[in-house]
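# A predicted structure for the sequence below; I have some questions about it.
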Amino acid sequence: MSANVELIAMVSGAACVAGLVLAVVALVGTTRPSGPAPGAGRGLRRLWLGPGATPREQRHHQLLLGGAVLAGALTFLLTGLPVVGLLVGVAVPGTPWLFSVGRTEQRAIARIEAVGEWTRRLKDVSATGQGLQQAIIGTIATVPEEIEEEVRLLAARLQAGWLARSALLAFADDIADPVCDQVVAALILHLSDRGERLGDVLGSIASAAAAEVATRREIEAKRTQPRFAVRFLTGMTLLTLAYGLVNTEYVRPYGTPVGQLVMAVLGAAFVGLLAWVRSMSQPPRPARFLPAPDPAEAIA
């Protein structure tokens, strides 16, 4: 009978933790929507795969979900307190998310710097008299690593027969930054008027990209203090949870139903505070001005 009770408790704890973890991931983890989700199956599949664009990122996301459910269930068995299990389950995917604050902006800055370098190389190659498609293909060997995949995909689309305008719009959509939009807009205008000043325009955009990178890095340096606060609060939270797991007397007052309710309210408020502080340390997303590519117009 005791073994059956423990099994039921473990399954119940795992189910509760899984529900809360999936809810948290649904709210904060899906940062890159992949289109409309007409049914529940599509939404659950996206929830399971996560926001990652590569199989490696998706596997990492799945490992975090599995680890969250397992850690939460074990914590519930050790303490007998479901809310503690829920908090530990949320901490497994939430801790990397909180500690990675600023990493997205640093990656965006590196990609803009790479776009500027690629623009200069495209200017040099196009100055030899090659057409735009041949010039883009000619930059593949020297494209910066941060945007190598996107440039290779652009070249592959052009070679596969995509209209140049649609391929360039898709490239801008992959980079998703207004600096790249400027480069693509200049290339699209060149397709229509065939002007001889493309090199000068690309050179000006590359210089503007370098100035943009310098500005963003200066702003990024000023955000160090709130990001340190996020990491500090996260670390203190983990230490508190660890102490509660080691010393059960610390969490014993929360063992009653009222105590569990109080712990749930305090835990939710603290998690919300951490998410709010993290959002304050993130820069606003820059507005783009180019439209998304139309798949119906991609192939000539």
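Cool, got the structure.
# Can you tell me the closest non-neighbouring residue to residue 254?
residue 263 (4.6 Å; CB to CB, 6 or more residues apart in numbering). Glycine gets a C-beta too; all of them are placed from N, C-alpha and C.
# burial of the one you found, as a residue count?
Using other CB atoms under 10 Å, residue 263 has 21 neighbouring residues.
# which residues does it contact?
81, 83, 84, 87, 251, 254 (CB atoms under 8 Å, 6 or more residues apart in numbering).
# Just name the closest of the residues you listed to residue 211, please.
Taking CB to CB as the measure, residue 211 sits nearest to residue 87 out of those, at 45.2 Å.
# what mean pLDDT would you report for the host helix or strand of that closest one?
Element membership of residue 87 [criterion: DSSP states H and E] is helix 82-99. pLDDT averaged over helix 82-99 equals 84, rounded to a whole number.
# Same check on stretch 265-276?
86.
# Show me the contact partners of it.
With contacts defined as CB under 8 Å, 6+ apart, stretch 265-276 is touched by 28, 83, 86, 87, 90, 94, 98, 230, 233, 234, 237.
# Could I get the buried residue list for that stretch?
Buried residues in stretch 265-276, counting neighbours by 16 or more other CB atoms under 10 Å, are found at 267, 271, 274, 275.
# Check which helix or strand the third one maps to.
When elements are defined using DSSP H and E, residue 274 is found to belong to helix 257-280.
# Next, the angle helix 82-99 makes with that helix.
Counting by axes from the mean of the first three to the mean of the last three CA atoms, to 10 degrees, helix 257-280 lies at 10 degrees to helix 82-99.
# For helix 257-280, C-alpha coordinates in CSV please.
Taking Å, rounded to 0.1, in the frame of the first residue of the first chain, the C-alpha atoms of helix 257-280 are listed here in CSV:
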residue,chain,number,x,y,z
PRO,A,257,-2.7,23.9,2.8
VAL,A,258,-2.7,27.6,3.8
GLY,A,259,1.1,27.5,3.9
GLN,A,260,1.2,26.0,0.4
LEU,A,261,-1.0,28.7,-0.9
VAL,A,262,1.2,31.4,0.7
MET,A,263,4.3,29.7,-0.8
ALA,A,264,2.6,29.6,-4.3
VAL,A,265,1.7,33.3,-4.1
LEU,A,266,5.1,34.3,-2.9
GLY,A,267,6.9,32.1,-5.5
ALA,A,268,4.7,33.4,-8.4
ALA,A,269,5.4,37.0,-7.3
PHE,A,270,9.1,36.4,-7.1
VAL,A,271,9.3,34.6,-10.4
GLY,A,272,7.3,37.5,-11.9
LEU,A,273,9.7,40.0,-10.4
LEU,A,274,12.7,38.2,-11.9
ALA,A,275,11.1,38.1,-15.3
TRP,A,276,10.2,41.9,-15.0
VAL,A,277,13.7,42.8,-14.0
ARG,A,278,15.1,40.8,-16.9
SER,A,279,12.7,42.5,-19.4
MET,A,280,13.9,45.9,-18.1
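# Quick one: distance of that helix to the chain centre.
23 Å (CA atoms, centre = their mean, to the nearest Å).
# can you check stretch 190-202 too?
35 Å.
# all numbers from here: first residue = 57
Sounds good: first residue 57 from here, last item stretch 246-258.
# Let me know the average pLDDT across that stretch.
Averaging pLDDT along stretch 246-258 gives 75.
# And that stretch, what's buried?
Here stretch 246-258 shows 246, 254, 257, 258 as buried, counting by 16+ other CB under 10 Å.
# OK, contacts around the third one?
If a contact means CB under 8 Å, 6+ apart, then residue 257 has 242, 246 as its contacts.
# and if you look at the last one?
The contact partners of residue 258, taken as CB under 8 Å, 6+ apart, are 175, 176, 178, 179, 182, 239, 242.
# Checking my notes, the second one in a helix, right?
Think residue 176. Yes: Residue 176 sits within a helix when classified using DSSP: H, G, I helix; E, B strand; the rest coil.
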